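Student: One predicted model, sequence on top.
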Amino acid sequence: MSTPAEALATQIRNIETKTGQTLTQIRAAVAGSGKVKHGEVRTWLMETFGLGYGDANTLAHAAAGAMDGPAPSANDALDEIYSGKKAHLRAVHEAVMAVLAPFGEFEVSPKKGYVALRRKKQFAMLGPKTAERAELGINLKTDIASDRILAQKPGGMCQFAVALTGPGDVDAEVAAALRQAFDAAG
């Protein structure tokens with residue numbers, strides 16, 4: 001399994017190939033776009049270069065220079081994600097990690113407000129949705145027959161999502177869906 005830095009370098013190389021632009025050229029284009037906020041930059045990159053959400057999101061971070069310095073440690077990032085009124089949701093995070101641990105190796109990639117869970121590709125994302133609940137997004141092309149694990153609108157980062165208010169919500173149904181997504185991610 002590659003390191004996060006190696007995975008990022010590969011993703012940037014692939015984006016450069018897709019767009020025909022170097023990262024330096026893309027940064028210059030973003031600077032000239034007049035877009036400043038992360039979401040605006042991401043949307044502009046999707047529209048301008050025909051990129052998917054994940055590639056555009058990575059480029060939005062790279063364009064802002066956010067990838068130039070040392071990355072925060074996973075624990076630092078989790079402390080920030082699960083802070084203040086959301087601190088109690090860290091127990092939900094730990095319950096999901098406990099379910100995943102026996103499945104095998106995977107990468108936990110902290111983002112600004114959530115963590116991406118990856119093997120060869122992202123299979124889930126987890127983070128606070130509100131101060132009262134976390135959301136587990138699941139990437140899975142096959143259907144999940146569940147009243148709790150809900151299909152999401154096409155074009156989003158995950159095909160399914162489930163609200164989790166406490167560690168007890170990470171039950172056999174959630175574990176089975178995670179296992180499917182984990183296996184499908186390679």
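Tutor: Noted; the coordinates are in hand.

Student: Centre of the chain to stretch 92-101, how far?
Tutor: Here stretch 92-101 is found 16 Å from its chain centre; the criterion is C-alpha atoms, centre = their mean, to the nearest Å.

Student: Could the C-alpha coordinates of it be exported in CSV?
Tutor: Taking C-alpha atoms only, stretch 92-101 is exported to CSV below (Å, rounded to 0.1, in the frame of the first residue of the first chain):
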residue,chain,number,x,y,z
VAL,A,92,-18.8,7.1,17.1
HIS,A,93,-15.5,7.5,15.2
GLU,A,94,-13.8,5.0,17.5
ALA,A,95,-16.7,2.5,17.1
VAL,A,96,-16.4,2.7,13.3
MET,A,97,-12.6,2.2,13.5
ALA,A,98,-13.1,-0.8,15.7
VAL,A,99,-15.5,-2.4,13.2
LEU,A,100,-13.0,-1.7,10.4
ALA,A,101,-9.8,-2.9,12.1
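
Student: mean confidence for that stretch?
Tutor: Mean pLDDT, computed over stretch 92-101, is 92.

Student: Equivalent analysis for stretch 129-143, please.
Tutor: So the average pLDDT for stretch 129-143 ends up being 92.

Student: ok, and what's touching that stretch?
Tutor: With contacts defined as C-beta atoms under 8 Å, 6 or more residues apart in numbering, stretch 129-143 is touched by 85-86, 89, 92-93, 96, 121-128, 144, 149, 151-152, 156-165, 174, 177-178, 180-181, 184-185. No exception for glycine: its C-beta is placed from N, CA and C like everyone else's.

Student: Could you list the buried residues of that stretch?
Tutor: Buried residues in stretch 129-143, counted by 16 or more other C-beta atoms under 10 Å: 129, 133-140.

Student: For the helix or strand containing T10, which outside residues touch it?
Tutor: T10 belongs to helix 4-19 when assigned by DSSP states H and E. With contacts defined as C-beta under 8 Å, 6+ apart, helix 4-19 is touched by 2, 22-23, 26, 49-51, 55, 58-59, 62, 67, 71, 107, 109, 118.
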